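> kindly return the folded structure for what I paste below:
(2 chains)
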Amino acid sequence: MSLALERELLEIISAWHRDRTELSDEAFDDLALRILSYQLETNEPYARYCAALGVTPRRLAPSWTAIPPVPAGAYKEATLATFDVAAAELTFETSGTTRGTGGRHYMLRPALYDAALLAGFDRFMLPDEAQLRYFNLVPDPRERSQSSLGYMMARVSEARGDSRSGWYLRGEELLVADFFSDLAEATSAAAPVCIAATAFALLHVLDEAHERGLRFQLPAGSRIMETGGFKGRTRVVSREELYARACPTFGIAERAIIAEYGMTELTSQWYDAEDNGGDRRLKAAPTWLRARAIGPDGAAFPGGVVGALAHVDLANLWSCLAVQTEDLGACFGRRIVLLGRDTGAALRGCSLDAESLQAR
Amino acid sequence: MQSHSKRADIARGIADAAARWCDADFPPRVRAQARIAQRTRYSLPVVEYALDQLFGAMTYDAILTTIEREVGAKPVAPVGRVAIISSRTTIGVAIIPAIFAICADCEVVVKDREDELVASFFETLAEELGGPSSGPSTPALRAYARDDKRVCARDDKRVCARDDKRVDARDDNSGAFAAQIWDGGARDLSAFDCVVAFGGDDALAAIRSQLKPDARFIAYGPKASIGYVTREALRDERAAARIAAGAAHDLVLYDGEGCLSLHTLFVEKGAVVPVARFTALLAGAVERANVEFPLGERDAGAIARVAALRDLAQFRGAVFNSDAQARFLIEPGSPDRPPAFAPRALAVHDVDEPEEMRAYAERHALPLEACAVAGERRDVAAAAIAAGANRISAFGEMQHPSLTYAHGGRPRFAEFVRFISEDE
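Sure thing, here's the model as predicted:
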């Protein structure tokens, strides 16, 4: 069953990638329920959770919107996989977890992950099919093989890069001198670049550039993929401020900065929508990924109402197709506005919180 | 050196000002509490409770008792210029160190919050201390309401707006204090002899780095509080219900954001009232406490966090108590999991002995402030103190500390004086 589902999904991804073929609501619903059925048979912890909520193989959810989303935190508490994880060819670990008890997302084969990430990246980051030089301010997979972000950028760099892509994060250290030097070289060579960075790393680089009095005029076609926000960091700036600083520093227009939103527990990613009607927060996803904004009682909010985002990612074949997050957002048709989590302020109250406990 | 009578005069003025602020209809308080509710997003009953506790504790006797206990008759002199920096989620915490620094005759600058609680209280204090009843030893007072609209009170009890330069200019050698809005970045902290700061680890480290080498740094970093219920205390349903009501009170106030909020609870097994029954009583008590102290206008993120914890408890197959709107969560604890630190969410650990509480605090590196204890066993208090707690209280009293309580394990008054030794 899993082989057939995997093949079907790969065909859907390929058709969307190649021809922009969209899944109809009925087709999405049908496939989602068949994947759910497969996962209820093969993923015991998820099946138990669904059963507690009244969803069983004999009493499936009536539609994809009623599929119980597993709390993202459950990946830290149980092995959520539809196969024997000893056979997993890909394993990603969640970050920012409590005291080394990180969550794992296992995948039997990389085919689905690779196909999904390249299709999404091509559509939203490379609509012009540009070949770029990738400057990766994300974990280097040679150093941290279990970083999904690092894996993603390695695949993109290999498949879409100019063979001179670089990695500028070693452990927790950003290799800013190398980064600036290589960036200057790319600029001289008129090689357009893509800087892939977490918001926190980008801010750090901007601070360093400012400190050193550096400014670049990146070659035409250059762009930035910003991801990851400031989760767990005490220094936070608004997205507007971050972009307002990045544009003059790198000599690019704001539209050349695209935010990606993904998580280790998912296989597919959201990106800034191409035609956003002026709202930079609007995000779009490949046709096999949809979301709902959920209230505290678990019911979906109508469009435009802010709730916790629950994703249904059909490409999450090997674990749980529906994942509940604590990220706040609202749905507008097939798109979402991501509001993120409350990051708080640097000077907090006298109470401890989870993040400051982790930092100790 | 400061005379005892002068100190008593100041304490009297502070107590009189605080008494006015205890009046729920006192107009500055009414205005301030609305602004505080807006800033903190706590419900009004929670803010009212906080102000009652804050000002109700500041009695003349409590102030002088605290000073007496800490310095006795020893000769002391003020430490110098004191800066006090409060934090985002607190309500008036800067006022307590401020009044003791004022009692020590220090010059005090307070970083106020947007609600201007400190400035408003200082206006009342200026009126009290500037009045003829406080006698000729009353210091000249300067209370800054805002950056450019400052209010000062002099010995003639006159209250007037003055510009910065005139207020800043010193025309006598008497004590002065000031409360002003301060953005936290621009002020030169190296000019202060003592800095009191409430905040997170990074914020405190940043503040510390700005001080002159010999400045006193009084840091109130993030803390957590826990509770322990002995099997002896759970001797019958009635006693258990009373403890549960107290624990619920400690839990719901300030939505777990206070260092004295109940963050984790340990309940001994083998009692007449079993842990499961006590947990059910606690859940009922939390629901009732939610009525008395309703959840404020919390952001959707806080609610989503509790909902996620509830869903995770469901995923674990745990027996938990919550409601559809995720306004609270009581769930079984695990030694592996740190406290959730989410609004009105509490893990209840069933344990055999207090050592398990100590081990838990150590395992998760919990910096403890207080431990509520039900029962009178010495081993529980000993374990709590070994775990790092600075205060042992009864359930229901955790959020109701007396003025003499050594917050953060530190003295209240002695931090703001130098002890003087005269060779015999």
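
> all helices for the stretch 251-360 of chain A, in order.
A:354-359 (DSSP state H, counting those that start in this stretch).

> and the strands in it?
In the stretch 251-360 of chain A, the strands defined using DSSP state E, counting those that start in this stretch lie at A:257-261, A:270-272, A:282-284, A:289-294, A:307-313, A:322-332, A:335-340.

> for the first one, packing partners?
Here strand A:257-261 touches strand A:223-227, helix A:239-250, strand A:270-272, going by 3 or more Cβ pairs under 8 Å, 6 or more residues apart in numbering or on different chains; DSSP states H and E. For glycine as for every other residue, the C-beta is placed from the backbone atoms N, C-alpha and C.

> give me the mean pLDDT for the first one.
Strand A:223-227 carries an average pLDDT of 95.

> show me what it is packed against.
Strand A:223-227 packs on strand A:193-198, helix A:199-212, helix A:239-250, strand A:257-261, going by 3+ Cβ pairs under 8 Å, 6+ apart.

> same list (the helices and strands packed on strand A:257-261) but as TSV, adding mean neighbour count and distance to A:Ala209.
Listed next are the helices and strands packed on strand A:257-261 as TSV, based on neighbours: other Cβ atoms under 10 Å in any protein chain shown; distance: least, Cβ to Cβ, whole Å:
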stretch	mean neighbour count	distance to A:Ala209
strand A:223-227	24	13
helix A:239-250	17	5
strand A:270-272	23	23
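
> need these in a markdown table with distance to A:Ser145, can you?
Formatted as a markdown table, the helices and strands packed on strand A:257-261 follow (distance: least, Cβ to Cβ, whole Å):
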| stretch | distance to A:Ser145 |
| --- | --- |
| strand A:223-227 | 19 |
| helix A:239-250 | 29 |
| strand A:270-272 | 24 |
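
> nearest to A:Glu326, of those?
Closest to A:Glu326 of these is strand A:270-272 (Cβ to Cβ; 15.8 Å).

> count the residues that sit near B:Thr404.
For B:Thr404, the neighbour count with other Cβ atoms under 10 Å in any protein chain shown is 16.

> so who does it touch?
B:Ala62, B:Thr65, B:Thr66, B:Arg69, B:Arg412 (Cβ atoms under 8 Å, 6 or more residues apart in numbering or on different chains).

> again, but for B:Ala384
B:Ala384 makes contact with B:Ile226, B:Tyr228, B:Pro354, B:Met357, B:Arg358, B:Leu368, B:Cys371, B:Val373, B:Ile392, according to Cβ under 8 Å, 6+ apart.

> tell me the one of these nearest chain A?
Within those, proximity to chain A (Cβ to the nearest Cβ) peaks at B:Leu368, which comes in at 9.5 Å.

> distance check, that closest one against B:Pro339.
Separation of B:Leu368 from B:Pro339 (Cβ to Cβ, to the nearest Å) stands at 11 Å.

> where do the contact lists of those two overlap?
Common neighbours of B:Leu368 and B:Pro339 (Cβ under 8 Å, 6+ apart) are B:Ala224.

> give the contact list for the residue nearest to A:Arg334 when sequence neighbours are not counted.
In this structure, A:Arg334 finds its nearest non-sequential neighbour in A:Arg290, 6.5 Å apart by Cβ to Cβ, 6 or more residues apart in numbering or on different chains. Residues near A:Arg290 by Cβ under 8 Å, 6+ apart: A:Phe28, A:Trp64, A:His311, A:Val312, A:Arg334.

> any idea what A:Arg290 is bridged to?
A:Val312 (DSSP bridges).

> just the pLDDT at it, thanks.
A:Arg290 carries a pLDDT score of 97 in this model.

> and what of B:Asp147?
For B:Asp147, pLDDT reads 37.

> next: the one 4 residues further on.
We note a pLDDT of 39 for B:Val151 in this prediction.

> now do residue 282: how many residues are near it, please.
Here I'm looking at chain A. Applying other Cβ under 10 Å, we find 17 residues neighbouring A:Leu282.

> my question was about chain B
B:Leu282: 27 surrounding residues under other Cβ under 10 Å.

> distance of it from chain A?
Taking Cβ to the nearest Cβ, to the nearest Å as the measure, B:Leu282 falls 20 Å from chain A.
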